[in-house]
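Novice: Let me see the structure of the following:
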Amino acid sequence: MIFWPHQHQAAVQKEQVLSKNEVIGLPEGALQQRSGDRTYVFFPVYYYDKSAKKGLRGKQQRRYIGSVVDGKFVPNRFFLENPDCTRNKLRSEMKSARDPWEQTYSIVDLSHPIEESMPVFPGDPQFLMQRTRSLGEDGYRLTEISTGLHLGTHLDAPSHVIDKGRTIDAFPIEHFTGPALVVDCVGAAVNGEIPVSVLDSQSKLLGKADFVLLRTGWEEHWGTVEYFRHPVPSVELCRALSARSFKGIGIDVCSFDSADSVRNHKTLLGMNQTVLIENLCNLKKLPRQVFTLSCLPLNIRGAEASLTRAVAVLAGGAE
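Specialist: Numbering: from 1, shown residues only. Below you'll find the model as predicted:
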């Protein structure tokens, strides 16, 4: 919860000690920074840490976390590196700060383009697209599409393989965004199994992630017959992933199972609280650290799956 200076002057004047989950803006002489023809007004934003060293009071308990810049809150990574930030440090940081409207993150697209020539899982319907109105004859364009829900980069909900399982619209929208981690599975054999030992390399970070993305490198075969000879997670790996109750588990192949099985789907979706993300791409562009994933579905009532535009948001730019 943020207490903005212009909204909570009384709270500011009292400089009351707030809980660790609350922050308060203290406009004790706004700082100014000039950038080109514009001048920005900065209000430091703090929280009072009641768990700080015993006996500390007032400003000694205060921790700087960012600034209100022209009415917008701008988090500052400087705080993470300088938890005992002083006003002089703050002034120094503001002098070197970038324009707050400058992009400080990058987005990596993890989704394959949708087109008629795209590969689909054997037996699934092909994507079709037809122009039904033209600009020349009708004055506007209108397009009709026909598609299955399990082609391209898509989500599987529990109801895909579980009787009375949750449909894609039964999950709150917040379920499809959160911290994610890539697990390297490159080197798995054609039609082989991915061992549970692949989790060892990221064991220290798994507890911080809501999503785990398995990178096999198989996207290199996209559009070829070889793409359907992909490796799949082993029984042990599926059980280990299911036990951690992730929001979602993704992979850069067309299915978590081989063409004649749904074993892994049932294991991973059986707890009725996880979604699967298949046909991911560009996982090699992601860092080894935790990042933010967004894989929002279409809001289709009663559907067991949905196409998704999965993206990774990397703070501070691509690694």
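
Novice: Look up how far residue 223 lies from residue 272.
Specialist: Going from residue 272 to residue 223 by Cβ to Cβ, to the nearest Å gives 34 Å. Backbone N, C-alpha and C define where each C-beta goes, glycine included.

Novice: Oops, could you answer that again for residue 129 instead?
Specialist: Where residue 223 is concerned, residue 129 sits at a distance of 17 Å (Cβ to Cβ).

Novice: Ok, residue 202 next?
Specialist: For residue 202 relative to residue 223 (Cβ to Cβ), the value is 29 Å.

Novice: quick one: which of these two has more around it?
Specialist: Comparing residue 202 with residue 223 by other Cβ atoms under 10 Å, the one with more neighbours is residue 202, at 18 against 12.

Novice: Spit out the contact partners of the more buried one.
Specialist: 181, 182, 183, 288 (Cβ atoms under 8 Å, 6 or more residues apart in numbering).

Novice: Show the buried residues in these.
Specialist: By neighbour count, with 16 or more other Cβ atoms under 10 Å, those hold 181, 182, 183 as buried.

Novice: give the contact list for residue 110.
Specialist: 153, 213, 250, 280, 281, 282, 283, 293, 295, 310, 311, 312.

Novice: Name all residues that make contact with the fourth one.
Specialist: When contacts are counted by Cβ under 8 Å, 6+ apart, residue 280 is found next to 110, 111, 153, 213, 219, 250, 251, 252, 310.

Novice: Redo those residues as JSON lines? Include pLDDT.
Specialist: JSON lines is the format used below for those (pLDDT from 0 to 100):
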{"residue": "110", "pLDDT": "99"}
{"residue": "111", "pLDDT": "98"}
{"residue": "153", "pLDDT": "99"}
{"residue": "213", "pLDDT": "99"}
{"residue": "219", "pLDDT": "96"}
{"residue": "250", "pLDDT": "99"}
{"residue": "251", "pLDDT": "99"}
{"residue": "252", "pLDDT": "98"}
{"residue": "310", "pLDDT": "98"}
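
Novice: I'd guess residue 241 is in a helix, am I close?
Specialist: Yes - Residue 241: assigned to a helix according to DSSP: H, G, I helix; E, B strand; the rest coil.

Novice: just checking, which of the contacts of residue 110 belong to strands?
Specialist: 213, 250, 293, 311, 312 (DSSP state E).
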